[in-house]
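Chemist: This is a predicted model, with the sequence first.
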Amino acid sequence: MTLLAKIAYRNLRQHRTKTLIIGSLIAVGMLVLVVGNSVIDTATAGVRANYTANYTGHVIVAAGGVQLPMLTPDVDPEAYGRATPSIPDFESTMEFLASWPGVQAVTPMITGLALTQADGEGFGLMQFYGIDPDRYRGFFPDNVELLAGEFLATGDRGLVISERTLEMLADSLNREIGVGDRVLLTAPSEMHGLRIREVEIVGVFRFRNATMPLEFISFLDAESARTLNGMTGLANVEALLTPAEQAGLGAVNEDDLFGGDLFDVPATAAASEAGPRFGHEDTGPRVSGVDPDTWHYILVRLDDDRQSRRAAEALNREFEAAGLDLVAFEWLEGAGQVASLTFALRTVFTVLVVLVAIVAVIIIMNTLVISVTERIAEVGTMRAIGAQRAFVRRMIVMETLMIAVVFGAIGIGAGAGITALIGAVGIESDNQIAQIFMGGPTLNPVVSPGSIFSSLAAVVVAGVMSSLYPVAVALRIEPVAAMHAK
C-alpha cells in the first residue's frame with residue numbers, strides 16, 4: 001500500500017495542472033456544500049425550536065377525524081372551512097398523556113379565527129387561542145412579552161390582544177385603543193353561523209420570536225373561545241308552574257303563539273332569544289352554556305425533542321389499539337405552511353446539491369480519462385513488466401481518492417471557516433419572507449457535525465465514482481500497443 005501511495009503521489013505531482021483543476025472543483029464543491037448545509041440546518045433547527053417552544057409543543061393530540069391541526073393562521077385554507085371536533089373524555093385523555101413515558105408537560109387549547117371591531121366599527125384580524133392560563137404559562141414559560149396590562153389568570157374573562165392585531169384595528173378606527181376597551185369578536189362557525197362575543201382587552205403582547213403570520217395570534221379566555229366556536233350544550237329546562245300560573249295560560253294555542261308575522265317579535269323576547277346583551281349579565285334561567293371540558297387540542301412537550309415523530313406514531317398506535325377516537329400529529333403538521341416551506345427548502349437544496357455533484361463527477365471523470373489516455377505508454381509498460389489489472393485499478397483509484405480527500409478537506413475547512421465568520425456576524429433581514437425561512441430576524445449559522453460528515457462521505461463517493469470509467473479505459477490498454485504509443 002505504501003508503494004502504491006508513492007506511485008500515485010508521483011503521478012499526481014507529474015500532472016500538476018490536471019491535479020489542480022480537479023482538486024479546485026472538489027474544494028469549491030465541498031465549500032458550497034458545508035456552507036449551504038450549515039445555513040439550512042441552522043435555519044430548520046431554528047424554525048423547529050421556535051415553533052415547539054412557543055406555539056405547538058412537540059406533539060399535538062386532537063379528536064379523531066381531524067385532518068390537520070389549526071394552530072397557526074397559515075394552515076391549509078381548507079382547514080378553516082371544517083368544524084374542529086372536541087376531544088372526547090378530556091380529563092381521562094389529559095391524565096393518560098401526562099403519565100405517558102417521556103412526556104414533560106401537557107396543556108389544552110381551543111383555536112379559531114375572529115374579526116375584531118370596536119363599537120361596530122374597524123377591522124382587525126386574529127387567530128385566537130383559548131387557553132387554561134396556568135397550564136399554558138407553565139407549558140410556554142417565556143414565549144410572550146407583555147407590553148401593557150396583564151396576562152390572563154385562571155377564572156379571568158377577557159382578551160390579551162397581539163400588538164399587530166391591535167395596530168390594525170387602531171389604524172382602521174383612526175384612533176387609539178387599548179387595555180380597558182371592549183371589542184366585539186365575530187367568528188364564523190360551520191354549524192352555528194356567525195358567533196359574536198364582546199370582551200374586554202386586558203393585555204397587549206407580542207411573541208418574542210414571531211414571523212408575520214404568527215403576529216396575528218391572540219389569547220382569549222376559554223369560555224369566550226368556546227362561545228365563538230359554538231361549543232355549547234343545550235340543557236332541558238322544565239318549567240315548574242303553580243296551578244294558578246297553569247290556569248292563567250288558559251286557551252293559548254299554537255296559532256296564538258306562532259301564527260303571527262315571523263319577524264313581529266317583541267323586543268324583550270328577541271333579546272331573550274339572542275342571549276345576554278353585550279356588557280350585561282344574563283339574569284334569566286340559562287338554557288344554554290359552555291361545557292368547561294370541551295377542548296380542541298392537547299399540546300404535549302417531550303423530554304427529548306428529537307422524538308416528536310416517533311412519539312406521535314407510538315401514540316397513534318396506542319389510540320388505535322385502545323379504540324380511542326384520538327389522533328396525534330407531529331409538531332410540523334400543526335405549524336402551518338411557513339414551517340413546511342422551510343423544510344421543503346432543505347429538500348430542494350439537497351436535490352440541487354445532488355445535481356451539482358453529478359455534474360462535478362462527470363467533469364472530474366472526463367479530466368481523469370484525458371489524464372489516463374496521456375499515460376498510455378506508462379500504463380502499458382507497467383502491464384508489460386508484470387503489473388496486474390488489480391494493481392492498475394488500485395493505482396488510479398488511489399490517485400482519485402488522494403485528490404478528493406486532500407482538496408475536499410481544504411474545501412470543508414474553508415467552508416467551516418466561512419460559516420463560523422457568518423455565524424459571528426449574523427445574517428439580518430427586515431424582509432418578512434426572508435425571516436420566515438431564517439426562522440427569525442437574525443440567522444447565525446453554525447457548522448453542524450452532520451454537514452461535515454455528509455460532505456466527507458460525498459467527496460469519497462464522488463472520488464470512487466469518478467474513477468470507475470478511467471479505470472475501465474486504462475484496463476483496456478494492450479501492453480504491446482501501449483509501449484509503442486508516444
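Modeler: Cool, the structure landed. Numbering: from 1, shown residues only.

Chemist: And the strands in the stretch 151-300 of the chain, which stretches?
Modeler: Secondary structure of the stretch 151-300 of the chain (DSSP state E, counting those that start in this stretch): strands at 159-162, 182-189, 193-207, 217-221, 232-234, 288-290, 297-302.

Chemist: buried ones in the fourth one?
Modeler: Think strand 217-221. With burial defined by 16 or more other C-beta atoms under 10 Å, the residues of strand 217-221 counted as buried are Ile217, Ser218, Phe219, Leu220, Asp221. Just so you know, the C-beta spots here come from the backbone N, C-alpha and C atoms, and that holds for glycine as well.

Chemist: Reduced to three states, what does Val327 come out as?
Modeler: Following DSSP: H, G, I helix; E, B strand; the rest coil, we place Val327 in the strand state.

Chemist: domain ranges for this protein?
Modeler: For the chain, the structural domains run 2-50+338-483, 59-233+257-334, going by automatic domain parsing.

Chemist: Need the pLDDT of Val287.
Modeler: On pLDDT, Val287 comes in at 39.

Chemist: do the same with the one 10 residues further on
Modeler: Model confidence at Tyr297, given as pLDDT, is 96.

Chemist: and the gap between it and Pro470?
Modeler: Distance, Tyr297 to Pro470, using C-beta to C-beta, to the nearest Å: 59 Å.

Chemist: cool, and Ala314?
Modeler: 50 Å.

Chemist: looking at the chain, which helix or strand does the model trust least?
Modeler: One helix or strand of the chain scores below all others by mean pLDDT, DSSP states H and E: helix 267-274, with a mean of 36.

Chemist: Run through the residues that contact the most centrally placed residue in the chain.
Modeler: Taking C-alpha atoms, centre = their mean, the centroid of the chain lies closest to Ala339, which sits 3.4 Å from it. Contacts of Ala339 were listed using C-beta atoms under 8 Å, 6 or more residues apart in numbering, and they are Val47, Arg48, Tyr51, Leu332.

Chemist: ok so, going back, which one of Ala314 and Pro470 has more residues nearby?
Modeler: Ranked by neighbour count (other C-beta atoms under 10 Å), Ala314 and Pro470 place Pro470 first, with 24 against 16.

Chemist: How far does the helix or strand hosting the more buried one sit from its chain's centre?
Modeler: Using DSSP states H and E, Pro470 sits within helix 449-475. How far helix 449-475 lies from its chain's middle: 35 Å, per C-alpha atoms, centre = their mean, to the nearest Å.

Chemist: before we move on, what about stretch 85-92?
Modeler: 25 Å.

Chemist: Check stretch 155-168 too.
Modeler: Taking C-alpha atoms, centre = their mean, one finds stretch 155-168 lying 24 Å from the centre of the chain it belongs to.

Chemist: So for that stretch, first residue to last residue, what's the gap.
Modeler: With C-alpha to C-alpha, to the nearest Å applied, stretch 155-168 spans 28 Å between its terminal residues.

Chemist: What mean pLDDT does it get?
Modeler: The pLDDT scores in stretch 155-168 average 94.

Chemist: Show me what it is in contact with.
Modeler: Taking C-beta under 8 Å, 6+ apart as the rule, stretch 155-168 contacts 116, 123-126, 128, 133, 146-147, 149, 151-152, 177-178, 183, 185, 199-207, 215-221, 223-224.

Chemist: filter those to the buried ones?
Modeler: 116, 124, 126, 128, 133, 149, 151-152, 177, 183, 185, 199, 201-207, 215-221, 223-224.

Chemist: Need the max-distance pair from the buried residues of strand 217-221.
Modeler: Ile217 and Asp221 (15.1 Å; C-beta to C-beta).

Chemist: With only the CA atoms kept, save stretch 389-403 in CSV.
Modeler: Provided in CSV are the C-alpha atoms of stretch 389-403 (Å, rounded to 0.1, in the frame of the first residue of the first chain):
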residue,chain,number,x,y,z
ARG,A,389,-5.0,-5.3,-13.6
ALA,A,390,-5.9,-5.0,-9.9
PHE,A,391,-2.7,-3.0,-9.3
VAL,A,392,-3.5,-0.6,-12.1
ARG,A,393,-7.1,-0.3,-10.8
ARG,A,394,-5.9,0.4,-7.3
MET,A,395,-3.4,3.0,-8.5
ILE,A,396,-5.9,5.1,-10.4
VAL,A,397,-8.5,4.8,-7.6
MET,A,398,-5.8,5.8,-5.1
GLU,A,399,-4.9,8.9,-7.2
THR,A,400,-8.5,9.9,-7.4
LEU,A,401,-9.1,9.5,-3.6
MET,A,402,-5.9,11.4,-2.7
ILE,A,403,-7.2,14.3,-4.8
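
Chemist: List the buried residues of it.
Modeler: With burial defined by 16+ other C-beta under 10 Å, the residues of stretch 389-403 counted as buried are Val392, Arg393, Arg394, Met395, Ile396, Val397, Met398, Glu399, Thr400, Leu401, Met402, Ile403.

Chemist: Output the residues you listed as a markdown table; include the columns pLDDT, distance to Ser38 and secondary structure.
Modeler: What follows is the buried residues of stretch 389-403, written out as a markdown table (pLDDT from 0 to 100; distance: C-beta to C-beta, whole Å; DSSP: H, G, I helix; E, B strand; the rest coil):
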| residue | pLDDT | distance to Ser38 | secondary structure |
| --- | --- | --- | --- |
| Val392 | 76 | 39 | helix |
| Arg393 | 78 | 36 | helix |
| Arg394 | 80 | 35 | helix |
| Met395 | 80 | 36 | helix |
| Ile396 | 77 | 33 | helix |
| Val397 | 79 | 30 | helix |
| Met398 | 81 | 31 | helix |
| Glu399 | 78 | 30 | helix |
| Thr400 | 78 | 27 | helix |
| Leu401 | 80 | 25 | helix |
| Met402 | 82 | 26 | helix |
| Ile403 | 81 | 24 | helix |
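
Chemist: Looking at those, spot the one nearest Ser92.
Modeler: Leu401 (61.0 Å).

Chemist: wait, doesn't Val39 sit right on Pro445?
Modeler: Yes - if you go by C-beta atoms under 8 Å, Val39 and Pro445 touch, sitting 4.6 Å apart.

Chemist: Spit out the residues that contact these two alike.
Modeler: With C-beta under 8 Å, 6+ apart, Val39 and Pro445 have common neighbours Thr419, Ile422.

Chemist: closest to Gly426 among the buried residues of strand 217-221?
Modeler: Closest to Gly426, out of all of the buried residues of strand 217-221 and judged by C-beta to C-beta, is Ile217, at 26.4 Å.
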